[in-house]
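coordinates for the following, if possible.
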Amino acid sequence: MRVEQLYTKCLAEAAYFIESEGEIAVIDPLREVQPYLDLAKEWNGTIKYIFETHFHADFVSGHLDLSKNTGAPIIYGPDSHPSFDCIVAHDNQEFKLGKVTIRVLHTPGHTPESVTYLLIDENGKEHAIFTGDTLFLGDVGRPDLAIKGNLTQDQLAGMLYDSLRNRIMTLPNETIVYPGHGAGSSCGKNMSSETVGTLGEQKQTNYALRAGLSKEDFIKEVTEGILPPPQYFPKNAMMNKTGYDSYEDVANRGSKALSVEEVKQAMQQGALVLDVRPQDEFLKGHIPSSLFIGLNGTFAMWVGALIEDIKQPLVLIVPEGKEEEAVMRLARVGYDHSIGFLNGGIDSWKAAGEPVETITSIQASELEQIFDTVSLVDVRKPGEWEAEHVDGAQHYPLDFMLNHRDTLDRSKTYHIHCAGGYRSVIAISLLKRWGYKNLIDIAGGFGAIKKTALPVTDFVCSSQK
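Sure thing, here's the model as predicted:
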């Protein structure tokens with residue numbers, strides 16, 4: 001028996017390969033399926049089952065394409081009712097895989113259809129659980145992401161409490177926990193950076209599993225402080241439930257080289273220019289009205305959070321050789337309508353005499369000298385802001401800008417920072433699209449600011465006042 005975790009850091013997502021006697025099960029695959037086909041060939045095995053823990057909201061799964069390529073059935077848990085052929089397993093149903101067994105444990109709470117898969121080894125030992133978004137290391141799944149339905153957030157949280165205590169915590173302490181996500185995912189609020197643990201460790205360290213915790217207190221703690229989900233979450237969940245275009249078709253569409261004239265025509269017809277180069281290159285010159293979201297950061301998450309229309313036609317400005325990667329990472333979160341990339345990149349745009357814009361970026365030391373005269377805007381997440389921030393700064397988190405487009409004054413000049421310089425450039429490009437003109441980036445963000453003498457309020461100091 002072999003178990004391999006395939007962890008994708010930019011999505012904080014884990015897929016799993018389980019093999020026994022040449023038979024393979026894949027759990028929660030990503031959109032692009034070729035790596036799974038290649039690994040099965042490397043292991044001299046055959047993919048027999050494709051297991052889904054629930055309808056994922058933060059990425060589009062590869063279950064349909066993988067099933068089409070292998071003939072393996074897709075398996076969901078009770079109460080799933082997808083729009084395609086699959087096995088809707090019942091609670092405690094077992095699937096044989098070589099000499100091992102995979103048992104379905106219905107663990108509703110994160111969503112009604114959520115399941116945990118229990119791996120029972122050759123000797124009948126309860127070896128591991130693949131918990132999806134039911135149980136993370138350090139946290140549990142948020143109970144507010146179900147696709148429609150009549151259940152409230154509190155009702156789902158109560159179901160999650162019962163699932164954890166009656167189906168998962170009764171297993172042996174040495175049972176290995178393989179979660180669906182790690183730190184950085186928006187599917188929980190307190191996840192560990194570790195991606196593999198044991199159930200015994202979680203009983204000792206996970207606030208949601210502590211002994212003596214009542215259901216009422218659990219519901220309060222799990223639902224307290226949950227930030228609104230990114231706007232693309234329900235759209236991805238629905239794609240996972242109802243189906244989508246094949247990844248091959250999406251990749252072929254999006255990897256077309258476009259001339260300057262074709263890009264201009266596409267823009268006139270409503271296409272959005274998405275610039276995925278490093279932020280330093282975007283600062284030095286970009287197509288007017290283009291949106292920056294660099295491949296060098298948590299690209300897919302910010303695309304999903306900030307591009308409202310999941311069917312928005314996209315033209316890509318991409319570093320040479322990164323075209324296929326950009327299309328793939330867009331497809332992972334359901335943005336399947338890239339129509340191609342600018343052939344020759346920004347240099348071909350300039351060579352054609354087309355206009356470019358730049359963004360002024362200053363060092364934190366320069367900000368220190370003019371601090372008393374500037375309007376400083378911090379675009380980090382609420383938790384980052386609450387932990388520490390520059391005195392007098394205005395908090396305008398990038399996560400929620402779509403709902404607060406007119407918060408700032410378009411006639412003023414703003415100096416904008418994030419933690420390190422990536423998100424501030426995203427924010428500036430977004431604000432420029434909305435008609436803001438006088439925007440200055442702080443290079444190095446809050447990390448650089450902290451090295452200056454600028455006044456910073458942190459949680460410890462503010463809590464003692």
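
residue boundaries of the helices in the stretch 1-150 of the chain?
Listed in chain order, the helices of the stretch 1-150 of the chain (DSSP state H, counting those that start in this stretch) span residues 34-42, 63-70.

compile those helices into CSV and extend it with columns for mean neighbour count, mean pLDDT and distance to Arg380.
(C-beta placed from N, C-alpha, C; glycine too.) Shown next, in CSV, are the helices of the stretch 1-150 of the chain (neighbours: other Cβ atoms under 10 Å; pLDDT from 0 to 100; distance: least, Cβ to Cβ, whole Å):
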stretch, mean neighbour count, mean pLDDT, distance to Arg380
helix 34-42, 15, 97, 33
helix 63-70, 21, 98, 35
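
how about low-confidence regions in the stretch 101-250 of the chain?
148, 187-189 (pLDDT under 70).

so which residues of it form strands?
Per DSSP state E, counting those that start in this stretch, the stretch 101-250 of the chain carries strands over the ranges 115-120, 126-132, 176-179, 197-198.

list the helices and strands the shortest one packs on?
Strand 197-198 is packed against strand 176-179, with contacts defined by 3 or more Cβ pairs under 8 Å, 6 or more residues apart in numbering; DSSP states H and E.

strand partners (parallel or antiparallel) of the strand it packs on?
strand 126-132 (parallel), strand 197-198 (antiparallel) (DSSP bridges).

that older thread, between the helices of the stretch 1-150 of the chain, which one is nearest to Pro228?
helix 63-70 (27.3 Å; Cβ to Cβ).

the closest one to helix 34-42, inter-axis angle?
40 degrees (axes from the mean of the first three to the mean of the last three Cα atoms, to 10 degrees).

show me what helix 63-70 is packed against.
When contacts are defined as 3+ Cβ pairs under 8 Å, 6+ apart, helix 63-70 packs onto helix 34-42, strand 46-51, strand 74-76.

quick one on the thing from earlier: export the helices of the stretch 1-150 of the chain as CSV, with columns for distance to Lys48.
Shown next, in CSV, are the helices of the stretch 1-150 of the chain (distance: least, Cβ to Cβ, whole Å):
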stretch, distance to Lys48
helix 34-42, 10
helix 63-70, 8
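
looking at the ones you listed, which is closest to Leu402?
With Cβ to Cβ as the yardstick, what comes closest out of these is helix 63-70 (29.4 Å).

contacts for that closest one, please.
By Cβ atoms under 8 Å, 6 or more residues apart in numbering, the residues outside helix 63-70 that reach it are 26, 29, 31, 33, 36-37, 40, 46-47, 50, 52, 72-74, 84, 240, 243-244, 246-248.

out of the strands of the stretch 101-250 of the chain, flag the one nearest Asp378.
Proximity to Asp378 (Cβ to Cβ) singles out strand 176-179 among the strands of the stretch 101-250 of the chain, at 31.1 Å.

to Arg277, which of the strands of the stretch 101-250 of the chain lies closest?
Of those, nearest to Arg277 by Cβ to Cβ is strand 176-179, at 33.1 Å.

tell me the pLDDT of the nearest residue to Pro382 once chain neighbours are set aside.
Counting by Cβ to Cβ, 6 or more residues apart in numbering, Pro397 is the residue found nearest to Pro382 once chain neighbours are left out, at 6.0 Å. Confidence at Pro397, expressed as pLDDT, is 97.

show me what contacts Pro397?
Applying Cβ under 8 Å, 6+ apart, we find Pro397 in contact with Val379, Arg380, Lys381, Pro382, Trp385.

which residues touch the last one?
Looking back up the chat, that one is Trp385. By Cβ under 8 Å, 6+ apart, Trp385 lies in contact with Asp378, His395, Pro397.

show me which of those residues is closest to Gly340.
Relative to Gly340, the closest of the contacts of Trp385 is Pro397; by Cβ to Cβ it sits at 32.5 Å.

circling back to that earlier point, would you reformat the helices and strands packed on helix 63-70 as TSV and include distance to Ser361?
Formatted as TSV, the helices and strands packed on helix 63-70 follow (distance: least, Cβ to Cβ, whole Å):
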stretch	distance to Ser361
helix 34-42	37
strand 46-51	46
strand 74-76	48
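
among the ones you listed, which is nearest Glu325?
helix 34-42 (13.1 Å).

now that closest one - C-alpha only, PDB.
What follows is helix 34-42, C-alpha atoms only, in PDB (Å, rounded to 0.1, in the frame of the first residue of the first chain):
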ATOM      1  CA  GLN A  34      -2.200  14.700 -16.900                       C
ATOM      2  CA  PRO A  35       0.000  14.600 -13.700                       C
ATOM      3  CA  TYR A  36      -2.300  11.900 -12.300                       C
ATOM      4  CA  LEU A  37      -2.200   9.900 -15.500                       C
ATOM      5  CA  ASP A  38       1.600  10.200 -15.500                       C
ATOM      6  CA  LEU A  39       1.900   9.100 -11.900                       C
ATOM      7  CA  ALA A  40      -0.300   6.100 -12.400                       C
ATOM      8  CA  LYS A  41       1.900   5.100 -15.300                       C
ATOM      9  CA  GLU A  42       5.000   5.600 -13.200                       C
END
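
quick check: buried residues in stretch 386-398?
Glu388, His389, Val390, Ala393, Tyr396, Pro397, Leu398 (16 or more other Cβ atoms under 10 Å).

what's the closest of these to Leu160?
Pro397 (27.1 Å).

isn't Ile147 up against His110?
No. Between Ile147 and His110 there is no contact under Cβ atoms under 8 Å: 11.9 Å.

neighbour count for those two, which is higher?
It is His110, of Ile147 and His110, that has more neighbours when counted by other Cβ atoms under 10 Å, with 31 against 17.

can you report how many residues lie near the nearest residue to Tyr7 once chain neighbours are set aside?
Nearest residue to Tyr7, sequence neighbours excluded (Cβ to Cβ, 6+ apart): Ala14, at 5.0 Å. Other residues near Ala14 come to 22 when the count uses other Cβ under 10 Å.
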